[in-house]
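Trainee: build me a structure from this.
(2 chains)
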2 protein chains.
Amino acid sequence: MILSGTGEPADVFFEDLTPGLVFDLGVTAVDEVEMITFAERFDPQWYHVDGDLAARSPYRGLIASGWFTAALFMRAYVEHVLQRAAADASPGIEELRWLAPVRGGDQLGTRLEVLGRRPSSARPGLGTVTLEGTMSRLDPAGYPEEDVLRLRFRGWFLKRSAA
Amino acid sequence: MILSGTGEPADVFFEDLTPGLVFDLGVTAVDEVEMITFAERFDPQWYHVDGDLAARSPYRGLIASGWFTAALFMRAYVEHVLQRAAADASPGIEELRWLAPVRGGDQLGTRLEVLGRRPSSARPGLGTVTLEGTMSRLDPAGYPEEDVLRLRFRGWFLKRSAA
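Mentor: Predicted structure coming up:
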């Protein structure tokens, strides 16, 4: 039996990830205390950690470290996809864009689209999948209002035929 | 007076960031407890959080979430460059590669090279700088042993002439 990224039986394999497929990765609430704590440790720039300076700046208040937003994306990806996928590691990110500021209290809707895939030449039991993730701030009615993060990355997945 | 990313007087401007310039971003020790705590919250895959499963796997022990390594890079970049630079936000990352596993107890040496720069057409007081960061695991004598993270990204910096 093949285990998923969180150690459970996997039911999503390379063959299942057809280009155009879209996963709903749910809604993430941005906790302002956690957002500031993260920035104090990893990205202590004033517009991430100093509420007074931030309020008097063009940002009109604290904004999240882009790395915090990216980490929230990863959590949503693990919960909704990797938890049930036969995934190996990722070689990296092709492109990441911080499109708009994220603030405490924001509700972020996340989705993931399969852009393409090909068998791995170096590792025959695996395939490389190119994915695009997008996080959007939702309006009070829960509709996407503005995209805040977009990233294109690759992941390795086991082939069902090799499992 | 122009403030740096951490609110102090800035002394590094767009004009100072000449292509080829290299910044030493110091040495970061990877704390295993923090590494696991980060992964439990943001990237709870078994090879990041389950020591028993990880020990019996080809990884031969826990490895860091790639987002944790990236966050450690950001911290070193803030401490050694943004703290004294007239920096605006970053539009994003051009490419990021996780080149080798990172483990608790690793000592990571970090450097940053200026790859290129151009004035911003949209924002005349700013320039766009392309930067490449590299983290390398150091051997016990403190020499780079293996690169573990490389990322190419852009940052906006104020022009001294516009300050």
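Trainee: what's the longest helix in chain A?
Mentor: helix A:66-80 (DSSP state H).
Trainee: by contact count, what packs against it?
Mentor: strand A:22-29, helix A:32-42, strand A:92-98, strand A:107-119, strand A:126-138, strand A:144-158, helix B:32-42, helix B:66-80 (3 or more Cβ pairs under 8 Å, 6 or more residues apart in numbering or on different chains; DSSP states H and E). All C-beta atoms are positioned from the backbone trio N, CA, C, and that covers glycine.
Trainee: so which of those comes closest to residue B:115?
Mentor: Shortest distance between residue B:115 and the helices and strands packed on helix A:66-80, using Cβ to Cβ, is found for helix B:66-80: 14.6 Å.
Trainee: run the angle between that closest one and strand A:144-158 for me.
Mentor: Orientation of helix B:66-80 against strand A:144-158 (axes from the mean of the first three to the mean of the last three Cα atoms, to 10 degrees) gives an angle of 120 degrees.
Trainee: CA atoms only: put helix B:66-80 into CSV for me.
Mentor: Taking C-alpha atoms only, helix B:66-80 is exported to CSV below (Å, rounded to 0.1, in the frame of the first residue of the first chain):
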residue,chain,number,x,y,z
GLY,B,66,11.0,23.8,2.3
TRP,B,67,9.0,26.7,3.4
PHE,B,68,10.8,26.7,6.8
THR,B,69,14.1,26.9,5.0
ALA,B,70,12.8,29.7,2.8
ALA,B,71,11.6,31.6,6.0
LEU,B,72,15.1,31.2,7.5
PHE,B,73,16.5,32.7,4.4
MET,B,74,14.1,35.7,4.7
ARG,B,75,15.2,36.3,8.2
ALA,B,76,18.9,36.4,7.2
TYR,B,77,18.0,38.7,4.4
VAL,B,78,16.2,41.1,6.7
GLU,B,79,19.0,41.1,9.3
HIS,B,80,21.8,41.6,6.9
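Trainee: what mean pLDDT does that helix have?
Mentor: Helix B:66-80 carries an average pLDDT of 97.
Trainee: do the same with stretch A:22-33
Mentor: 98.
Trainee: how far away from the center of its chain is it?
Mentor: For stretch A:22-33, the separation from the chain centroid amounts to 9 Å (computed by Cα atoms, centre = their mean, to the nearest Å).
Trainee: ok, stretch A:108-117 next?
Mentor: Relative to its chain's centre, stretch A:108-117 lies at 9 Å (Cα atoms, centre = their mean).
Trainee: flag every residue of chain A that's near chain B.
Mentor: A:3, A:5-7, A:38, A:41-47, A:50, A:53, A:65-67, A:70-72, A:74-75, A:78, A:82, A:87, A:89-98 (Cβ under 8 Å from any Cβ of the partner chain).
Trainee: relative to residue A:136, how far out is the residue most central in space within chain A?
Mentor: Closest to where the C-alpha atoms of chain A average out (Cα atoms, centre = their mean) is residue A:73, at 2.6 Å. According to Cβ to Cβ, to the nearest Å, residue A:73 and residue A:136 sit 11 Å apart.
Trainee: what do those two both touch?
Mentor: Common contacts of residue A:73 and residue A:136 (Cβ atoms under 8 Å, 6 or more residues apart in numbering or on different chains): residue A:110.
Trainee: looking at the helices and strands packed on helix A:66-80, which is closest to residue B:17?
Mentor: For the helices and strands packed on helix A:66-80, proximity to residue B:17 was assessed by Cβ to Cβ; helix B:66-80 is nearest, at 13.0 Å.
Trainee: and the angle from the closest one to helix B:32-42?
Mentor: On the basis of the same axes, to 10 degrees, helix B:66-80 is oriented at 120 degrees to helix B:32-42.
Trainee: switch the helices and strands packed on helix A:66-80 over to TSV; also include distance to residue B:142.
Mentor: TSV is the format used below for the helices and strands packed on helix A:66-80 (distance: least, Cβ to Cβ, whole Å):
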stretch	distance to residue B:142
strand A:22-29	40
helix A:32-42	24
strand A:92-98	27
strand A:107-119	41
strand A:126-138	36
strand A:144-158	32
helix B:32-42	20
helix B:66-80	16
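Trainee: pLDDT value on the residue lying farthest from the centre of chain A, please?
Mentor: Of all residues in chain A, residue A:56 sits farthest from the chain's C-alpha centroid, using Cα atoms, centre = their mean; the distance is 30.7 Å. pLDDT, residue A:56: 94.
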